[in-house]
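In: Pasting the sequence and the predicted model now:
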Amino acid sequence: MGMPVAGRQTLLLIPGLLCDSTVWRAQCADLVDLADCIVADHGDSDSLENMARRALALVPGEASFALAGHSMGGRVALEILRLAPARVTRIALMDTGYQARPPGHAGEAEQTGRKALLDQARAQGMRAMGEAWSRGMLHPDRLGGPVQEEVLRMIERSTPARFEAQIHALLRRPDATPQLVALAAPTLLLCGRDDTWSPVSRHIEMQRLVPEAELVIIENSGHMVTMERPVEVGQAMRKWLAARETNPGKPC
C-alpha cells in the first residue's frame, strides 16, 4: 500500500452497475479543493478484472491515487487493489460487498433474478426495467422524485448488451477477502441505513476484516447513497481523504 500523498490527491472513482459519472457528480464538485477526480467508465467490459484495468489506465504511469467504489464499483476497486496495491494510498468502499457468488440455491436465485431484469430490459426497454429495479435501490421517500428520475435517465443511457456484460462480471466475481484483510491504509466503509441490496450487516462484516476501517452509516438513504445523501457522503470522504496512514509498514 503506497504512502499517502501530501496535499492535493488524485481520486479515482468507480461507478456501479449501469452507473456513470452521474453517481459521483456531487462528490466531484464537493471535493474539488482536495482532489483531482477521475471517474471510470466500464465500457463493454464483462469481467471485474477488465473493468479494473480500464480504470487503472486512467491514472498515468505508476502514479499513486486514492480509490473509491460504489456498489459494483466497490468490487472493481478491490480488484484494482489486487492488481496494483502499491499505487493505492487509501480506499473507500460504499454500498458494496466482497464475497463471491454463493453456491447452491442462493447463487442460483441471484442468477435467476438478474436474468429476469435483463429479459425485461430486452423486452420493454432499459427505462421500464429501471423503474422496477430502482424501487428497491432508493429510500422510499425518494421514489417518484428527482433522484429517481436521475437514476432512470442514467440507466436509460445504457443498453441491454452492456447490462448483460456487467451481469456476467458480477456473477463471476471473485472473493476479495484477501484484499480486505491486507488493508493498512485509511479505509472508509460507508452504507445507506436502508440499503436492502448491500445491507449494513455486510459492511459490519467487512469492518471485522479491517478493524481499523471507519464505518459510516448514512441515515435516510437506500443503495444510491452518493446521489441520495451527497452532503453526508462528501463529509465522510473529506475526513477519509485527510486521514493519515497508521501502519505504513504493513503490506497490502
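Out: Received, thanks.
In: name the element G61 belongs to?
Out: Using DSSP states H and E, G61 maps to neither a helix nor a strand.
In: roughly how far apart are it and V147?
Out: 37 Å (Cβ to Cβ, to the nearest Å). Every residue, glycine included, has its C-beta placed from N, CA and C.
In: Please say which of the two ends up with more neighbours.
Out: V147 (20 against 5; other Cβ atoms under 10 Å).
In: following the helix or strand harbouring that one, which helix or strand shows up next?
Out: Taking DSSP H and E as the criterion, V147 maps to helix 146-156. For helix 146-156, the following helix or strand on the C-terminal side (DSSP H and E) is helix 160-171.
In: show me where the protein has strands.
Out: Assignment of strands within the chain using DSSP state E yields the ranges 9-14, 35-39, 65-70, 88-94, 187-192, 214-218.
In: so what's the residue nearest in space to the middle of the chain up against?
Out: The C-alpha lying nearest the average C-alpha coordinate of the chain belongs to H70 (Cα atoms, centre = their mean; 1.7 Å). Going by Cβ atoms under 8 Å, 6 or more residues apart in numbering, H70 touches I14, P15, G16, C19, V23, W24, M94, D95, T96, V225, T226.
In: what's the closest non-adjacent residue to the fourth one?
Out: Spatially, and ignoring its direct neighbours in sequence, C19 is nearest to M154 (6.1 Å; Cβ to Cβ, 6 or more residues apart in numbering).
In: A63 now?
Out: T10 (6.5 Å).
In: ok, now A35?
Out: Nearest to A35 is L11, by Cβ to Cβ, 6+ apart, at 3.9 Å.
In: Can you tell me how far the one you found is from E164?
Out: L11 is 30 Å from E164, where distance means Cβ to Cβ.
In: do the same with G125
Out: Counting by Cβ to Cβ, the gap from G125 to E164 is 15 Å.
In: So between the two, which is more surrounded?
Out: In this view G125 and E164 are compared by other Cβ under 10 Å, and E164 has more residues nearby, 17 against 14.
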